[in-house]
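Peer 1: got a structure for you, letters missing:
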């Protein structure tokens, strides 16, 4: 019984929706049958009925066009919204990368980084974010995920990866990536994190060491995510915070840190404004990342220089 009522309701709804067509067909059939079986319809009535049928069909046609126009407008609206969303994920090249990173540092209390050794992070991002937080007396949260300098195999693999692009760009021998350089760059980022932590009480900073070789760099602030590559000639991406991709990478970066080795930066020995070699060796022992025995005082001095006086790699 319920099924029968449902079919009736469906039929009535269809008739109402297509009432113009039903009327036209009904009039046409009625006039046609009366014209076939009798001479009761005059030519004037027949012509008028024909016009009525055509008029009804015309109304139906206009109604259908209105419906289609509405559908097209709705589709255009959805397309426009999709394009607006797409505009929030834009490409960056050349000087745009540095400009985007500078803008991302403005009015942010958090910075998450994942990449190789964090050269730009310790050269520009970390000191400027700490400077802003100090000036504003605000809290700053920094999470760093870099390759493990104690894992020589990973450092060698990363150096080979960087050398691939260096050959394509004819990089000079002095800037060539080697296993030794990779280890020192990564050690320098750890040292920079320890040094800045002791100079800002409101700085919450963590360092995570991964054994994977990253091919991309991720810098995430409160306003956006910037994805860059080691080859500056290639296109980079900026993702606004209100985009789903931003949230996806917040989770992705969190999971990456969960699988890495987290250093304990609490209770480490103090570091001077210009740390000494002995101070630095002690700090690395305190965090459970002792420097290789083959590292001379000159090697440690090089790490200190890279940690506190690194050059901006985007500066031309």
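Peer 2: Sure thing, it's come through. Treat the numbers as computed from the prediction; the structure is a model and nothing was measured. Numbering: from 1, shown residues only.

Peer 1: alpha carbons only for contacts and neighbour counts from here, please
Peer 2: Noted.

Peer 1: Need the pLDDT of residue 273.
Peer 2: As predicted, residue 273 sits at a pLDDT of 96.

Peer 1: Check residue 176 too.
Peer 2: Taking residue 176 on its own, its pLDDT is 88.

Peer 1: Tell me the spacing between it and residue 165.
Peer 2: Using C-alpha to C-alpha, to the nearest Å, residue 176 is found at 10 Å from residue 165.

Peer 1: One more: residue 138?
Peer 2: If you go by C-alpha to C-alpha, the gap between residue 138 and residue 165 works out to 40 Å.

Peer 1: got the buried residues for stretch 234-243?
Peer 2: 236, 237, 238, 239, 240, 241 (16 or more other C-alpha atoms under 10 Å).

Peer 1: repeat for stretch 138-151
Peer 2: For stretch 138-151, by 16+ other C-alpha under 10 Å, it's 139, 140, 141, 142, 143, 144, 145, 146, 147, 148, 149, 150.

Peer 1: ok, and the fourth one, which helix or strand is that part of?
Peer 2: Spelled out, that is residue 142. strand 140-147 (DSSP states H and E).

Peer 1: counting contacts, what elements does that strand pack onto?
Peer 2: strand 110-114, helix 126-136, strand 203-210 (3 or more C-alpha pairs under 8 Å, 6 or more residues apart in numbering; DSSP states H and E).

Peer 1: got these as JSON lines, with distance to residue 271 and mean neighbour count columns?
Peer 2: JSON lines is the format used below for the helices and strands packed on strand 140-147 (distance: least, C-alpha to C-alpha, whole Å; neighbours: other C-alpha atoms under 10 Å):
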{"stretch": "strand 110-114", "distance to residue 271": "23", "mean neighbour count": "22"}
{"stretch": "helix 126-136", "distance to residue 271": "16", "mean neighbour count": "17"}
{"stretch": "strand 203-210", "distance to residue 271": "16", "mean neighbour count": "20"}
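
Peer 1: Tabulate the ones you listed in JSON lines, adding columns for distance to residue 196 and mean pLDDT.
Peer 2: Listed next are the helices and strands packed on strand 140-147 as JSON lines, based on distance: least, C-alpha to C-alpha, whole Å; pLDDT from 0 to 100:
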{"stretch": "strand 110-114", "distance to residue 196": "14", "mean pLDDT": "97"}
{"stretch": "helix 126-136", "distance to residue 196": "8", "mean pLDDT": "94"}
{"stretch": "strand 203-210", "distance to residue 196": "8", "mean pLDDT": "97"}
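
Peer 1: For the protein, which segments count as strands?
Peer 2: 89-92, 110-114, 140-147, 203-210, 216-220, 224-229, 236-240, 261-262 (DSSP state E).

Peer 1: before we move on, the earlier item: strand partners (parallel or antiparallel) of the strand holding residue 142?
Peer 2: When pairing is defined by DSSP bridges, strand 140-147 lines up against strand 110-114 (parallel), strand 203-210 (parallel).

Peer 1: And the average pLDDT for that strand is what?
Peer 2: Rounded mean pLDDT across strand 140-147 is 97.

Peer 1: likewise stretch 304-316?
Peer 2: pLDDT averaged over stretch 304-316 gives 86.

Peer 1: begin at 50 from here
Peer 2: Renumbered: residue one is now 50, and that last one reads stretch 353-365.

Peer 1: What are the buried residues along that stretch?
Peer 2: 353, 355, 356, 357, 359.

Peer 1: Also stretch 201-211?
Peer 2: 203, 204, 205, 206, 207, 208, 209, 210, 211.

Peer 1: Skipping adjacent residues, who's closest to the fourth one in space?
Peer 2: Closest residue to residue 206 apart from its sequence neighbours, by C-alpha to C-alpha, 6 or more residues apart in numbering: residue 262 at 6.9 Å.

Peer 1: now do the first one
Peer 2: Nearest in space to residue 203, with sequence neighbours left out and distances taken as C-alpha to C-alpha, 6+ apart, is residue 260 at 5.9 Å.

Peer 1: mind listing the helices for the chain?
Peer 2: For the chain, the helices defined by DSSP state H cover 51-66, 68-86, 92-136, 144-154, 168-169, 175-185, 201-218, 228-246, 293-307, 326-335, 346-357.

Peer 1: do you know how far residue 352 is from residue 231?
Peer 2: In terms of C-alpha to C-alpha, residue 352 sits 11 Å off from residue 231.

Peer 1: cool, residue 328 as well?
Peer 2: Counting by C-alpha to C-alpha, the gap from residue 328 to residue 231 is 22 Å.

Peer 1: With neighbour numbers in mind, choose between those two.
Peer 2: residue 231 (24 against 15; other C-alpha atoms under 10 Å).

Peer 1: Cool, thanks, signing off.
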